[in-house]
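Undergrad: take this sequence and fold it.
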Amino acid sequence: MVQTGRTASKDAEFSAWMAARQPALLRTAYLLTGEHHGAEDLLQVTLAKVYLTWQKVREREAIDGYARRIMVNENNSLWRRAWKRREHSSSEVPEWVPVHDTYDEGRSGQLWELVKTLPPKQRAAVVLRYYEELSEAETADVLGCSVGTVKSQTSRALATLRSTAGDHGINRQDHLGEEER
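TA: Numbering: from 1, shown residues only. All right, here's what the predicted structure looks like:
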């Protein structure tokens with residue numbers, strides 16, 4: 001199949017964007033799904049949807065936000081499917097290994113295991129606000145909700161994390177600090 005000049009240009013532009021953004025989007029997908037295989041699937045669906053609408057996006061600097069919004073929406077819709085709640089993909093039988101984390105500003109380890117227990121919308125708010133370091137307004141835009149909803153979802157998520165942190169051996173002062181005002 002011979003590509004036209006417009007299609008080749010679109011493919012080259014998309015490929016360049018994807019090569020630059022794929023690692024960061026994969027990290028976000030992992031934090032949203034909580035597991036590597038699901039993150040790869042979520043990223044693949046997200047990239048396919050971005051590619052299909054590539055020519056319609058007028059503001060190229062908004063593509064990252066658009067991709068995050070697709071990712072969050074796709075992740076939330078996956079959790080609505082009954083079969084997804086029962087399915088846990090793994091290449092091998094998991095073994096229990098004690099976790100001895102050190103202070104890491106909450107970017108890995110035990111804290112993210114706890115974050116994975118949050119409902120999808122609260123997890124998305126936490127990931128976008130504190131991992132992706134988006135503002136409340138940017139997070140609201142990605143999630144398609146109001147700033148107040150972002151604040152309430154984040155507040156509930158942090159309250160849940162604080163109340164269950166001790167049960168999981170996480171030092172609340174190091175990882176969860178005081179609630180933002």
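
Undergrad: residues near residue 9, how many?
TA: 12 (other Cβ atoms under 10 Å). Placement of C-beta: from N, CA and C, glycine included.

Undergrad: please, which helix or strand holds it?
TA: helix 5-33 (DSSP states H and E).

Undergrad: and stretch 74-85, average pLDDT?
TA: For stretch 74-85, mean pLDDT is 65.

Undergrad: same thing with stretch 110-125?
TA: 86.

Undergrad: what residues sit buried inside that stretch?
TA: 110, 111, 112, 114, 115, 118, 120, 121, 122, 123, 124, 125 (16 or more other Cβ atoms under 10 Å).

Undergrad: make TSV out of the residues you listed and add secondary structure and distance to residue 15.
TA: Formatted as TSV, the buried residues of stretch 110-125 follow (DSSP: H, G, I helix; E, B strand; the rest coil; distance: Cβ to Cβ, whole Å):
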residue	secondary structure	distance to residue 15
110	helix	37
111	helix	35
112	helix	31
114	helix	37
115	helix	32
118	coil	34
120	helix	30
121	helix	32
122	helix	35
123	helix	30
124	helix	28
125	helix	31
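
Undergrad: so of those, which two are at opposite extremes in space?
TA: Greatest spatial distance among these (Cβ to Cβ): 110 and 121, at 22.5 Å.

Undergrad: averaged pLDDT, the helix holding residue 9. What do you get?
TA: Mean predicted lDDT for helix 5-33 stands at 88.

Undergrad: what's the next helix or strand along the chain from that helix in contact with?
TA: Once helix 5-33 ends, the next helix or strand along the chain (criterion: DSSP H and E) is helix 36-52. By Cβ atoms under 8 Å, 6 or more residues apart in numbering, the list of residues contacting helix 36-52 from outside reads 14, 18, 22, 25-26, 29-30, 32-33, 63, 66-67, 70-71, 74-75, 78, 89-91.

Undergrad: any of those buried? List them.
TA: If we count by 16+ other Cβ under 10 Å, the contacts of helix 36-52 have these buried: 14, 25-26, 29-30, 32-33, 63, 66-67, 70-71, 74-75, 78.

Undergrad: and the helix holding residue 9, what other elements does it pack with?
TA: Counting contacts by 3 or more Cβ pairs under 8 Å, 6 or more residues apart in numbering; DSSP states H and E, helix 5-33 packs against helix 36-52, helix 63-80, helix 120-126.

Undergrad: nearest to residue 134, of the ones you listed?
TA: Nearest of the helices and strands packed on helix 5-33 (Cβ to Cβ): helix 63-80, 8.2 Å.

Undergrad: how much space separates residue 112 from residue 126?
TA: 10 Å (Cβ to Cβ, to the nearest Å).

Undergrad: with residue 11 instead?
TA: 35 Å.
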